[in-house]
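Enquirer: Sequence plus the predicted model coming up.
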Amino acid sequence: MALFGKLLPRVGGAETRTFRAAAADVLGPRRAPCPACDEGTLVPSTTDLGARICEACGASFPLEVLRQTIAADDETIARVAAASRREALIAFLAADGVAVGSAIWAVAAGGLPTLVGGTALALLLLAFAATARYRAWQVEHRRLFETRPPIGAWLRAETRGD
């Protein structure tokens, strides 16, 4: 086994693990904290689609109850939505910068791998920007804790410019 490790290049090293962790952090779900214990996070129930279960204490909450617990004032909702929109704008501008920078670098260096890597990073940043815009829309329209995610309604609102 040690011989293969010395002869073959190391694939999936620290850089790959770091990129994979960053992608999981960006594209992974943001879980709501448990209102009962404040230690765990709420995950979808495997038996009841209309409920969430705390990972730590095991308490179950129907979606209707969770929707009522997030009745925040308009100022808080506006602040959270603005922060999410700001995250989206920063991620979008970063994606543009990465795409243009990697294209210039690829042309200057004559290397296609630079362009492919820059494109992958730009796509990851664009996915983060879309996720942040979706979260802002959810908060503004109070469409949290639904049985099915309202992605279709969000896409219609985005195409209309709402």
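Expert: Perfect, thanks for sending it.

Enquirer: only C-alpha atoms for contact and neighbour calcs from this point on.
Expert: Noted.

Enquirer: How about residues contacting stretch 107-116?
Expert: S102, A103, W105, A106 (C-alpha atoms under 8 Å, 6 or more residues apart in numbering).

Enquirer: Tell me, how many residues neighbour T119?
Expert: Other residues within reach of T119, judged by other C-alpha atoms under 10 Å, total 19.

Enquirer: Surely it is in a helix?
Expert: Yes - assessed by DSSP: H, G, I helix; E, B strand; the rest coil, T119 belongs to a helix.

Enquirer: Relative to A32, how far out is E158?
Expert: 25 Å (C-alpha to C-alpha, to the nearest Å).

Enquirer: contacting residues around F61?
Expert: A51, R52, I53.

Enquirer: which among those residues gets closest to I77?
Expert: R52 (22.3 Å; C-alpha to C-alpha).

Enquirer: Run through the bridge partners of the closest one.
Expert: Using DSSP bridges, the beta-bridge partners of R52 come out as P44, F61.

Enquirer: quick one: it and S45 touch, right?
Expert: Yes - using C-alpha atoms under 8 Å, R52 makes contact with S45 at a distance of 5.2 Å.

Enquirer: Please identify which of the two sits among more neighbours.
Expert: A side-by-side neighbour count of R52 and S45, using other C-alpha under 10 Å, places R52 first with 25 against 15.
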